[in-house]
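Student: coords below, sequence missing:
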């Protein structure tokens, strides 16, 4: 074998090792690094890699910038308009999903298994109820969770399908957990451009002016009243599904099996 080929193989092997090391370091960072109030490391239910721990109420960090009249988006559901329901209203089962747009484990679940979760709703197996939170703004610093949630409210006002598509785009483009890119409304509007028909004048105005920021704060308040201690949490007819194992999202096949265990 020529020296050139040997050198090329060594270079490729080194690059693969570098990439694998970088991926391992990022996974370890996600499992271990959560800053609470900018001061201390949060105690995670995820110490075993289960979910991003809520760690209590988000406090003033979640309500900052939420002054103004409460405007509930069209298409919001629940007795107080803080739930987003996707799927057929008469579906025989209900899948509840508790998420924060900045949660990297939520991103992993959505990008790994999200299409299957949606397909099962589309075929009528269940309807999805989204319960969204902004607690990671306090845990990580910044305002990305609540700004993204307010923008998602503007998308919901345009239609449930628009919300679902924007929701998926946000997770597909989630920044590193140390970044607060979602706190930039111009960045969110750029991402909204990936959803056909979403960027109406009304949508753009609502995102720029924070029309649904008070609603986002209300949604987070209702999340805090639940018994959920970490994200993502997924329940089917009230029964919690184990969608993460050691920080790794279940596969589409595994998720479908979990659903069948409950629905029969």
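Tutor: Noted; the coordinates are in hand. None of these values were measured; they are calculated from a predicted model.
Student: ends of stretch 243-261, how far apart?
Tutor: Length of stretch 243-261, first residue to last, CA to CA, to the nearest Å: 13 Å.
Student: contact partners for the spatially most central residue of the chain?
Tutor: The chain has residue 101 as the residue nearest its centroid, 3.5 Å off, counting by CA atoms, centre = their mean. The contact partners of residue 101, by CB atoms under 8 Å, 6 or more residues apart in numbering, come to 132, 144, 145, 148, 149, 152, 170, 171, 174, 182. All C-beta atoms are positioned from the backbone trio N, CA, C, and that covers glycine.
Student: gap between the spatially closest residue to residue 108 that is not a sequence neighbour and residue 73?
Tutor: Sequence neighbours aside, residue 249 is the residue nearest to residue 108 in space, at 4.6 Å (criterion: CB to CB, 6 or more residues apart in numbering). The spacing between residue 249 and residue 73, counted by CB to CB, to the nearest Å, is 28 Å.
Student: go on, residue 112?
Tutor: The spacing between residue 112 and residue 73, counted by CB to CB, is 28 Å.
Student: residue 229 too?
Tutor: As judged by CB to CB, residue 229 and residue 73 stand 27 Å apart.
Student: more neighbours, these two?
Tutor: Set residue 229 next to residue 73 and count neighbours by other CB atoms under 10 Å: residue 73 wins out with 20 against 16.
Student: now do the helices in the chain.
Tutor: Using DSSP state H, the helices of the chain run over 3-32, 60-63, 104-122, 136-140, 144-158, 160-172, 185-192, 201-209, 213-224, 252-263.
Student: just name the most buried of those helices.
Tutor: Comparing those by mean neighbour count (mean count of other CB atoms under 10 Å), helix 144-158 ranks first with a mean of 28.
Student: what packs against it?
Tutor: Here helix 144-158 touches strand 127-133, helix 136-140, helix 160-172, helix 185-192, helix 201-209, helix 213-224, going by 3 or more CB pairs under 8 Å, 6 or more residues apart in numbering; DSSP states H and E.
Student: cutoff 7 Å now
Tutor: On a contact count with 3 or more CB pairs under 7 Å, 6 or more residues apart in numbering; DSSP states H and E, helix 144-158 meets helix 136-140, helix 160-172, helix 185-192, helix 201-209, helix 213-224.
Student: what sits against the closest residue to residue 239 other than its chain neighbours?
Tutor: Nearest residue to residue 239 in three dimensions, chain neighbours excluded: residue 262, at 5.5 Å (CB to CB, 6+ apart). Residues near residue 262 by CB atoms under 7 Å, 6 or more residues apart in numbering: 236, 237, 239.
Student: residue 117 versus residue 262, what's the distance?
Tutor: According to CB to CB, residue 262 stands 14 Å off from residue 117.
Student: which residues of this protein score low on pLDDT?
Tutor: 1-52, 55-66 (pLDDT under 70).
Student: swap in 90 and give it another go.
Tutor: Along the chain, the parts satisfying pLDDT under 90 run over 1-68, 139, 176-178, 245-247, 264.
Student: just to revisit the earlier point, just the buried ones from the contacts of residue 262?
Tutor: residue 236 (16 or more other CB atoms under 10 Å).
Student: in a markdown table: the helices of the chain, plus distance to residue 77.
Tutor: Output for the helices of the chain, formatted as a markdown table (distance: least, CB to CB, whole Å):
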| stretch | distance to residue 77 |
| --- | --- |
| helix 3-32 | 32 |
| helix 60-63 | 21 |
| helix 104-122 | 14 |
| helix 136-140 | 24 |
| helix 144-158 | 10 |
| helix 160-172 | 9 |
| helix 185-192 | 22 |
| helix 201-209 | 19 |
| helix 213-224 | 12 |
| helix 252-263 | 21 |
